[in-house]
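Visitor: Turn this into a model:
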Amino acid sequence: MKKKLILVTSPPACGKTFVSRELAKHLQHVVYLDKDTLIPLSKQIFVVAGEPYNRSSDFFEEYIRNYEYDCVIELALEAIEYENIVLINAPFTREVRDINFMTGLSNRLAEKGAELVVVWVQTSIETVRERMIQRNSDRDTWKLTHWDEYIATRDFSIPENLVNSNVNKFYLFKNNNTEEFIESMAKIKIALEGNKE
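Guide: I've put the predicted structure just below:
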């Protein structure tokens, strides 16, 4: 079986964490990584800098965001040396639309005998807002308070550059309700298991 790095991606509150955890349970020999595991460290950076905790702020964008992604990617590339599948649960909303980033990551994986797989979790904006309210997390406080401003900065469209890409495999995971979830999970399991070599 060819090694795989699976990126489960989408804007926040589309259900990535639930999808990622359930998918990981159905795969064998998988390392599960969640970028949110880095949040306690990131919160401390806000404290040390004397900045209010706001993951939508200019401070977060300049001093924290990209470093969180760098860390989780490096952890994944290290883990792929020891296991067949590494699954990262993280938005990657800009990165998946950046051809240079995706090509570079795919090339780094190819050097390790691994391929890149992207799973885009598709959820409506209305459902996203409902899920943010339900999960009641402090990372969403600013987003919900400034909803229109926040949504204007997010792209919920499918990253078309990945659909027929030659640097990765792409799967769409529809996740607006239980029926969509069950159908999408069944399809992606078959697709991933069918790619055994």
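
Visitor: Give me the next element, helix or strand, following the helix or strand bottoming out on mean pLDDT in the chain.
Guide: Here the helix or strand of the chain ranked lowest by mean pLDDT, DSSP states H and E is helix 160-163, holding a mean of 88. Next helix or strand after helix 160-163 toward the C-terminus (DSSP states H and E): strand 169-174.

Visitor: picking that back up, counting contacts, what elements does the least confident helix or strand of the chain pack onto?
Guide: helix 99-110 (3 or more Cβ pairs under 8 Å, 6 or more residues apart in numbering; DSSP states H and E). Any C-beta I mention is one placed from the backbone N, CA and C, and that applies to glycine too.

Visitor: Spell out, range by range, the helices that occur in the chain.
Guide: In the chain, the segments counted as helices under DSSP state H are 16-26, 39-49, 58-60, 66-79, 99-110, 125-135, 141-145, 147-151, 160-163, 178-193.

Visitor: mean confidence for the last one?
Guide: Averaged across helix 178-193, pLDDT comes to 91.

Visitor: quick check: longest strand of this protein.
Guide: Longest strand in the chain, counting residues (DSSP state E): strand 114-122.

Visitor: outside of it, which residues touch it?
Guide: Outside strand 114-122, the residues that touch it by Cβ atoms under 8 Å, 6 or more residues apart in numbering are 2-10, 14-16, 19, 23, 80, 96, 102, 105-106, 109, 156, 158-159, 162, 167-176, 188, 192.

Visitor: now that strand and helix 16-26, what's the angle there?
Guide: Calculated by axes from the mean of the first three to the mean of the last three Cα atoms, to 10 degrees, strand 114-122 forms an angle of 130 degrees with helix 16-26.

Visitor: so how far is strand 114-122 off the chain centroid?
Guide: 9 Å (Cα atoms, centre = their mean, to the nearest Å).

Visitor: Stretch 69-88 now?
Guide: 13 Å.

Visitor: what's the burial count for Glu115?
Guide: 18 (other Cβ atoms under 10 Å).

Visitor: and what of Val96?
Guide: Neighbours of Val96 (other Cβ under 10 Å): 22.

Visitor: where does the chain have low pLDDT?
Guide: Along the chain, the model assigns pLDDT under 70 to residues 194-197.

Visitor: Around Ala79, how many other residues sit close by?
Guide: For Ala79, using other Cβ under 10 Å, the count is 18.

Visitor: I'd like the distance between it and Ile6.
Guide: 12 Å (Cβ to Cβ, to the nearest Å).

Visitor: same thing with Glu83?
Guide: Distance from Glu83 to Ile6, by Cβ to Cβ: 12 Å.

Visitor: higher neighbour count, the two?
Guide: Shown here are Glu83 and Ile6; by other Cβ under 10 Å, Ile6 has more neighbours (26 against 12).

Visitor: Surely the more buried one touches Asn84?
Guide: No - Ile6 is beyond contact range of Asn84, at 11.0 Å (criterion: Cβ atoms under 8 Å).

Visitor: So Glu68 is in contact with Leu38, correct?
Guide: Yes - here Glu68 reaches Leu38: they are 5.0 Å apart, a contact under Cβ under 8 Å.
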